[in-house]
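# sequence first, then the predicted structure, then my questions.
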Amino acid sequence: MKVAITSKGATLDSPVDPRFGRAPYVIIVDSDSQEFEALNNLENVNRLKGAGIHAATMISEKGAEVLMTGYCGPNAITTLNAANIKVVLEIGGTVKEAAELFREGNISYSDAANTEGHWV
Amino acid sequence: MIISVASGKGGTGKTTVATNLACSLDTEVQILDCDVEEPNAHLFLDPEINSISTVNTAIPLIDETKCTYCRKCVEICRFNALTIVGETILTFSAMCHSCGGCMLVCPENAITESKREIGIIEHGQRGPLDFVHGRLRIGEAMSPPLIKQVRSFSNPAMTSIIDAPPGTSCPVIAAMKGVDFVLMVTEPTPFGLHDLRLAVEAVRTLGIPHGLVINRSDVGDDCVREYAAQQNLPILMEIPFKRSIAEAYSNGKLLVEVMPEWRDKFKMLFHKIENSLERGDDLS
């Protein structure tokens, strides 16, 4: 299963970025094979508005089924729910540690935003 | 003639100048309160409202049975108000700027125009003064379409005075674009000067003749006067920092009601504006 984890860098040792839409990278980890792909999120970081909506679209297109991040706003959550991506919030530590949490099943899913939108 | 009263910094006295000017002139006057996020001219004018209208802005309505998920609408929307995930198209109407691009590019004609309420307009009178203001819906972020609707009440047979919102962004531009004169109200403080510079830049970019009113003119320092001299900005009026003026304001009274001698000063301000426009002074 593909798990998307927001990250400050492009490697598994990078710290998790608590922001979803404007994290510099989103790392897609395959929980079965342990392979990973770092997605550069620059296009969404630089968006005037709608970073969360389009970051959600991007990980959906990459086939992610789970997102692990710190915070999600209402528009991001709407998009993630529509894409059937399960969301794990309030994640810290490194990307590798987050992936471990997922493997251990030591997580709980959330379907509501835990921060306000920035623009509306 | 349309005069927009603007400032840059908030709380400098735009409403004081706009309302007192409107109530001092002998010609037919209307006041258009375009500070739709927090209109306050009515607090001083106490108009009798005789019509209320709802203002809507266009948003896309998508017929999902026709949508082929081609993403053309998503790609053209620079405000990111649309996205497609799998076979679901989502619209975020609060982010839509009503440009209509999505409707134009949809090859399936799956998008039609729907609407979202952005606020109301109240129209009324205070004696001979025509009064219009907009009230932005609570939670709405987009004020320019409502400001444009308030301005559509502008009557060419009257002198229109616009009370503009503070700042220098889209709402202020919507309240200044195309007017005959921008009266900039400032205060002689570093903060007042900082935001005045931004406002002057904006007005000059729009190419509109403009002049200054310095409010609370005897506090602060000389920075605004020095700037005005350097920039060749005419100072058309000064209002001192006086307890009697502050008391009138805090009681919701017009300066010209409590101190009728101010009526002539506001008339003089208007004549200075008229004269400079007649002479074609290069104030833009």
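Now that the structure is in, tell me what you want to look at. Because the structure is a prediction, the values reported are computed rather than measured.
# can you pull the residues of the stretch 51-200 of chain B lying near chain A?
For the stretch 51-200 of chain B, the contact set with chain A under Cβ under 8 Å from any Cβ of the partner chain comprises B:74, B:78-81, B:83-86, B:88, B:90, B:92, B:94-95, B:139, B:141. Heads up, the C-betas are built off the backbone N, CA and C, glycines and all.
# surely B:Ala202 touches B:Val172?
Yes - counting by Cβ atoms under 8 Å, B:Ala202 touches B:Val172, with 6.9 Å between them.
# that older thread, closest to chain A among the residues of the stretch 51-200 of chain B next to chain A?
The closest of those to chain A turns out to be B:Asn80 (Cβ to the nearest Cβ; 2.4 Å).
# so what's the closest one up against?
Taking Cβ atoms under 8 Å, 6 or more residues apart in numbering or on different chains as the criterion, B:Asn80 is in contact with A:47-51, A:53-54, B:92, B:95.
# also B:Thr91?
Counting by Cβ under 8 Å, 6+ apart, B:Thr91 has contacts B:59-60, B:62, B:81-82.
# ok, which stretches of chain A are strands?
A:2-7, A:25-30, A:36-40, A:66-68, A:86-88 (DSSP state E).
# what strands line up against the fourth one, and which way round?
Here strand A:66-68 has these sheet partners by DSSP bridges: strand A:2-7 (parallel), strand A:86-88 (parallel).
# roughly how far out does the first one sit from the chain middle?
It refers to strand A:2-7. 5 Å (Cα atoms, centre = their mean, to the nearest Å).
# same check on stretch A:40-57?
The answer for stretch A:40-57 is 12 Å, by Cα atoms, centre = their mean.
# contacts for that stretch?
A:10, A:20-26, A:58, A:67, A:72-73, A:75-76, A:78-80, A:83, A:85, A:118-119, B:74, B:78-81, B:83-85, B:90, B:92, B:95.
# start and end of that stretch, how far apart?
14 Å (Cα to Cα, to the nearest Å).
# ok, stretch B:60-79 next?
OK, stretch B:60-79 end separation, Cα to Cα: 13 Å.
# could you do stretch A:67-75 as well?
15 Å.
# thinking again about what came up before, give the buried subset of the contacts of B:Thr91 as a PyMOL selection command.
To isolate the buried members of these in PyMOL, using 16 or more other Cβ atoms under 10 Å in any protein chain shown:
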select buried, chain B and resi 59+60+62+81+82
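# in CSV, list the contacts of B:Thr91 along with secondary structure and pLDDT.
Listed next are those as CSV, based on DSSP: H, G, I helix; E, B strand; the rest coil; pLDDT from 0 to 100:
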residue, secondary structure, pLDDT
B:Ile59, strand, 96
B:Pro60, strand, 97
B:Ile62, strand, 96
B:Ala81, coil, 95
B:Leu82, strand, 96
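# of the contacts of B:Thr91, which pair is most distant in space?
Farthest pair in the contacts of B:Thr91 (Cβ to Cβ) is B:Ile62 and B:Ala81. Separation: 11.4 Å.
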